[in-house]
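Enquirer: I'd like to go over a predicted model; first the sequence, then the structure.
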Amino acid sequence: MSSEIPAPTEPTTDAAAEAADQHDPTAAPVERPKTTGLHVGDAKPGVAKVDPIIVADGVRRTFGGLTAVDVEHLEIPRGAITALIGPNGAGKTTLFNLLTGFDKPNEGTWTFDGKSLSGVPAFKVARLGQVRTFQLTKALGLLTVLENMKLGATGQRGERFWSSLIPALWRKQDAKIEARAMGLLAKFKLDAKAPDFAASLSGGQRKLLEMARALMSEPKLVMLDEPMAGVNPALTQSLLDHILDLKDEGMTVLFVEHDMHMVRHIADWVIVMAEGKVVAEGDPYSVMRDPAVIDAYLGAHQELDLGVVTGRVTAEEADPTTDAAASTSVDADELASAGTAEAEAEFAPDTEEKKK
Ligand SMILES: Nc1ncnc2c1ncn2[C@@H]1O[C@H](COP(=O)(O)OP(=O)(O)OP(=O)(O)O)[C@@H](O)[C@H]1O
Ligand SMILES: [Mg+2]
């Protein structure tokens, strides 16, 4: 949730540079084609995928008396962007933790790219090509941006005993890793920050650093837990573009997000969780019209584009399935305080911050 990240008090020069660089209000967002034909048969919870990268069965995790995750069957489609949505406490982060080896389930099995991952620790999962970012950014503040990036590289020779005794070997590799790190930092417009401590970055820049670091290991699957939370609106469009780029570069993306505008805009497939279970699946347009989903999660304001309500996008950029005119006339604060759904507050993190 956005509340975990301090309000971005960015140096004004940076904020201005970001705004000028990333957010040209006159530029229409470039629509990129959605990937379709991902599933087999009816789009219902647990539906088979044509080419799944993750297949999970009977994955259950309890905390005391509470069942946080209880997923009967789940397949994540390869080469597409899948959004995992659901109310607070639905079990999304817990499922991420289980699939990536950061937590162990009470029961259940799952495969990644055809290999069983049950009981495989997180660092090995990452080496196999499945990386994740955290809801709370984990950039190490007292390391420089470049050092953070280098930590993302896997299988470094210097880590191995015998080759670590031959400096020529690891020096050569270190230079290669540094070149890759600088290339990625440039792509994320963080190269000028390479020598700075990660602690000096804004919330949004730390999110970008985390994503860039995840890419150091050349993953097949990138899992992002609330990539937009706490991100300055000036950076959101560039973040969306980076995620779309991952797909264009052949990676699979699974992300958790409360921002429905983002989900509609970039997801090819949506999985809805509630109380630990998968309650709906489908393409973004059908899922968001599903009465069960609306009841459980979206509240009564389905016709609104919350990106427009919160000022993140203009009425012209509104999702065509929403009522742009109605969205512009809604006051985000009133909507958030209407109490129709707790989720509403989630949709307006920037407004919350402005009120303080
Ligand atoms: N380590 C833990 N110990 C005890 N309970 C936990 C733990 N981790 C998660 N839970 C509980 O499990 C449930 C699922 O939590 P989880 O963080 O997975 O939800 P989420 O869908 O990611 O929610 P949010 O949208 O708020 O991030 C919640 O009720 C939470 O309180
Ligand atoms: Mg979570």
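Expert: Now that the structure is in, tell me what you want to look at. Predicted, not measured: the structure shown is a model, and the values here were computed from it. Ligands and ions are numbered 1, 2, ... in the order given.
Enquirer: Could you find the closest non-adjacent residue to K124?
Expert: G101 (7.1 Å; Cβ to Cβ, 6 or more residues apart in numbering). Glycine gets a C-beta too; all of them are placed from N, C-alpha and C.
Enquirer: isn't the one you found right up against S116?
Expert: No: the pair G101 and S116 fails to qualify as a contact (Cβ atoms under 8 Å) at a distance of 11.9 Å.
Enquirer: More neighbours: which of those two?
Expert: Using other Cβ atoms under 10 Å as the criterion, G101 and S116 rank with G101 on top: 21 against 11.
Enquirer: Surely the more buried one is in a helix?
Expert: No: checked against DSSP: H, G, I helix; E, B strand; the rest coil, G101 lies outside a helix; its state is coil.
Enquirer: List the residues that contact it.
Expert: The contact partners of G101, taken as Cβ atoms under 8 Å, 6 or more residues apart in numbering, are L117, V120, P121, A122, F123, K124, V125.
Enquirer: Could you do D305 as well?
Expert: H261, V313, A318, D319, T322, D323, A324, S327.
Enquirer: Leaving out chain neighbours, which residue sits closest to the residue in the stretch 101-250 of the chain that ligand 1 sits nearest to?
Expert: Of all residues in the stretch 101-250 of the chain, Q135 sits closest to ligand 1, with a separation of 5.7 Å (Cβ to the nearest ligand atom). Leaving aside its chain neighbours, Q135 sits nearest to D225 (4.3 Å; criterion: Cβ to Cβ, 6+ apart).
Enquirer: In the strand or helix carrying L208, which residues are buried?
Expert: Using DSSP states H and E, L208 falls within helix 203-215. For helix 203-215, the neighbour count (16 or more other Cβ atoms under 10 Å) marks 203-215 as buried.
Enquirer: now swap in stretch 174-189 and tell me
Expert: Applying 16+ other Cβ under 10 Å to stretch 174-189 flags D174, I177, R180, A181, L184, L185, F188, K189 as buried.
Enquirer: before we move on, what about stretch 83-97?
Expert: 83-87, 90-97.
Enquirer: Helix 203-215 and the top helix by length along the chain, what's the angle between them?
Expert: Using DSSP state H, we find that the single longest helix of the chain is helix 167-187. With axes from the mean of the first three to the mean of the last three Cα atoms, to 10 degrees applied, the angle from helix 167-187 to helix 203-215 works out at 140 degrees.
Enquirer: and the gap between G58 and A80?
Expert: 24 Å (Cβ to Cβ, to the nearest Å).
Enquirer: can you pull the buried residues of stretch 43-51?
Expert: A43, P45, V47, K49.
Enquirer: so where do the helices sit in the stretch 201-350 of the chain?
Expert: Remark: helices assigned in the stretch 201-350 of the chain by DSSP state H, counting those that start in this stretch are 203-215, 233-248, 260-266, 284-287, 291-293, 306-309, 324-328, 332-337, 343-347, 349-355.
Enquirer: could these be laid out in JSON lines, adding mean pLDDT and distance to V272?
Expert: As requested, those are exported to JSON lines (pLDDT from 0 to 100; distance: least, Cβ to Cβ, whole Å):
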{"stretch": "helix 203-215", "mean pLDDT": "89", "distance to V272": "24"}
{"stretch": "helix 233-248", "mean pLDDT": "88", "distance to V272": "19"}
{"stretch": "helix 260-266", "mean pLDDT": "86", "distance to V272": "10"}
{"stretch": "helix 284-287", "mean pLDDT": "89", "distance to V272": "6"}
{"stretch": "helix 291-293", "mean pLDDT": "73", "distance to V272": "5"}
{"stretch": "helix 306-309", "mean pLDDT": "68", "distance to V272": "17"}
{"stretch": "helix 324-328", "mean pLDDT": "77", "distance to V272": "22"}
{"stretch": "helix 332-337", "mean pLDDT": "54", "distance to V272": "21"}
{"stretch": "helix 343-347", "mean pLDDT": "36", "distance to V272": "12"}
{"stretch": "helix 349-355", "mean pLDDT": "38", "distance to V272": "21"}
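Enquirer: Noted, bye for now.
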